[in-house]
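**Student:** Sharing a model that was predicted from the sequence below.
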Amino acid sequence: MSGGDRTVLAGGRVVTPSETIERGTLVIRDGSIERVERDADLPTDVDTGGRLVLPGFVDIHGDDIERHLFPRADDRVPAERAIQLCDQANVAAGVTTKCHALAFENAPDDNRSLALTETVTDAITDFDASGRALSDHRIHLRCELTSPESIGAVCDRLDDASVALVSLVTHVPGDGQFDSAEEYAARYESGGSVASDRMHELVRRRRAVPARTLRARATRVIEQATERGVPVAAHDSADPDTVVQRAEAGIDICEFPVNLASARAANAAGLSTAMGAPNLVRGGSIWDNLSTQQAIRSGTVDVLCSDFRPHSLLKSIFVETDEPLADRVERVTAGPASAIGLDGRGRLEPGCRADVLVVDPSGEPRVERAFVGGEEVYRTRPQPNGSD
C-alpha cells in the first residue's frame, strides 16, 4: 500500500453498479473503498489506463475443488494442498469470495463421500483462518435430500461461521437435471469408473424415497437454516409448481433452473435466480437444459456461478447480451453477494469492502492485479520502472 494506508488506482474504466466511468479514479483506504471519481487529480499508485477496474467476483457455487482433489479419478491430492491450489487458481480468475459447493453425499464412484466432505470442509475452514489464503473462502453445503445421512451432516454444520449457503439437491434420474440412469452415471468420472450394480443400487434407493419424505426433509433443512440466518437454494428445479412451493417454504435462491418456466416462476416468487457462467460462455447447457443466454434475455437471471470453471466468470462479462457492461458485471459481483447477504461486497462504492480487480480486456481477458480487503494479493507483471 502507498501513502501509508491508501492506494490510488487511476486512468482506467471503473465499473460501478450504475455506470462505467472512463478515466476513473478509485481510492482504497483501510480495507475499504474511500472514493470513486472521474478524472480525480490525485497522485497515482496504480496506473490502470487501458484496463477495466472491477469488483472482485463472488462465486456462490463452485465445485472446482474436486478437480484439485482428484486430478484423475484414481489420483488423490491431500485436502490441504488441494485448497491452496484452488485458492491460487480462483484469485487468478478474479474470484475474491469463494463459496465451495461441497456435496454431502455418499456416491458410487468413491470420490464423493460424507467422510471426505467433512475432511475437506474442515481443511477449507482452517486454511481460510490461517492467514495464508489469498481470497475469502466460505462453505456452500449441498444437501442430498434422498439421503438421511446427508440431512444430519448438513444440519450439524449449519452453526459453522464459514457456512454461507445451503442448497437442496435431489439427484434422482427422471427428476430435474438427469432424465435417465445413463445420464446420471455420466456425471461421474468417464462413466466407466462406476460399477453398474452400484449405480443401479443407488438409483433404486433414491427412487424409493417418497415425495412426502423429501418435502419433510426439505422443510427441516429450511427451518434450521433460516433460524441461523443461512440462505437456502433449491437446485436443478424442473417444475414451476415445486419452485412456488419451495419459495413459500422459505428458500431464497433458485439455482440452475432446468427450464424457462421454472426460472420465470422463481422470478415471480421474488427469488434470486442463479445460472451457470460456463453455460453462457459455451453457448448452451451440456445437458440440453435451459440456456443461460435465453434466461438472461427473458430477464430471469440475477446471479452467475462458476459451477466448475472459475475463469468462466470473467469471460461471461464479455459475452454480448445487449446490456450495459455494469449489468453484466453485477451478475458475478453484487448480485451473488446480495443473494447470500454480503451486501458490502461486489460494488465499487464508498464504504464497500475493497475487493478490486484490474483486468486487461484485450485478446483473451485476464486479471492483472487483485486486491482483497484492500491488500494486493495477486499481480501478473511488475510495474514500469520498478514502481509499486
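**Tutor:** Sure thing, it's come through.

**Student:** How many residues are close by the residue nearest to residue 312 when sequence neighbours are not counted?
**Tutor:** Sequence neighbours aside, residue 277 is the residue nearest to residue 312 in space, at 3.9 Å (criterion: C-beta to C-beta, 6 or more residues apart in numbering). Where you see a C-beta, it was placed from the backbone N, CA and C, and this is true even at glycine. Residues lying near residue 277 (other C-beta atoms under 10 Å) number 29.

**Student:** Against residue 99, how distant is residue 277?
**Tutor:** 14 Å (C-beta to C-beta, to the nearest Å).

**Student:** just residue 65 next, same as before
**Tutor:** In this view, residue 65 and residue 99 are 11 Å apart by C-beta to C-beta.

**Student:** Ends of stretch 295-310, what's the gap?
**Tutor:** 21 Å (C-alpha to C-alpha, to the nearest Å).

**Student:** Check the offset of it from the chain's centre.
**Tutor:** Distance, stretch centre to chain centre, for stretch 295-310: 10 Å (C-alpha atoms, centre = their mean, to the nearest Å).

**Student:** what's the average pLDDT for that stretch?
**Tutor:** Summarised as a single mean, pLDDT over stretch 295-310 is 98.

**Student:** Buried residues in it, which are they?
**Tutor:** For stretch 295-310, burial by neighbour count (16 or more other C-beta atoms under 10 Å) applies to 295-296, 300-310.

**Student:** what does stretch 264-276 give?
**Tutor:** 264-267, 269, 271-276.

**Student:** which of those residues lies closest to residue 137?
**Tutor:** Relative to residue 137, the closest of the buried residues of stretch 264-276 is residue 274; by C-beta to C-beta it sits at 18.9 Å.

**Student:** Could you pull out the helices in the stretch 201-350 of the chain for me?
**Tutor:** All helices of the stretch 201-350 of the chain, identified by DSSP state H, counting those that start in this stretch, fall at 211-227, 240-249, 260-268, 277-282, 292-297, 311-316, 325-330, 334-339.

**Student:** Identify whichever of those lies nearest to residue 50.
**Tutor:** helix 325-330 (15.4 Å).

**Student:** Quick check: of the buried residues of stretch 295-310, which lies closest to residue 95?
**Tutor:** residue 310 (5.4 Å).

**Student:** my guess is that closest one meets residue 91, correct?
**Tutor:** No. Using C-beta atoms under 8 Å, residue 310 is not in contact with residue 91; the gap is 9.2 Å.

**Student:** so how far is stretch 43-54 off the chain centroid?
**Tutor:** Stretch 43-54 has its C-alpha centroid displaced from the chain centroid by 26 Å (C-alpha atoms, centre = their mean).

**Student:** residues in contact with it?
**Tutor:** Residues from elsewhere that reach stretch 43-54 (C-beta atoms under 8 Å, 6 or more residues apart in numbering): 2-3, 7-15, 24-26, 94, 317, 329, 333, 348, 356-362, 368-369, 383, 388.

**Student:** okay, and the helix or strand of the chain with the least pLDDT?
**Tutor:** Across the helices and strands of the chain, mean pLDDT, DSSP states H and E gives its lowest value to helix 181-186, namely a mean of 54.

**Student:** So what pairs up with residue 253 in the strands?
**Tutor:** residue 233, residue 272 (DSSP bridges).

**Student:** pLDDT weak spots in the stretch 51-200 of the chain?
**Tutor:** For the stretch 51-200 of the chain, the stretches with pLDDT under 70 are 109-110, 173-196, 199.

**Student:** Distance-wise, check the residue nearest to residue 312 relative to residue 151.
**Tutor:** 30 Å.
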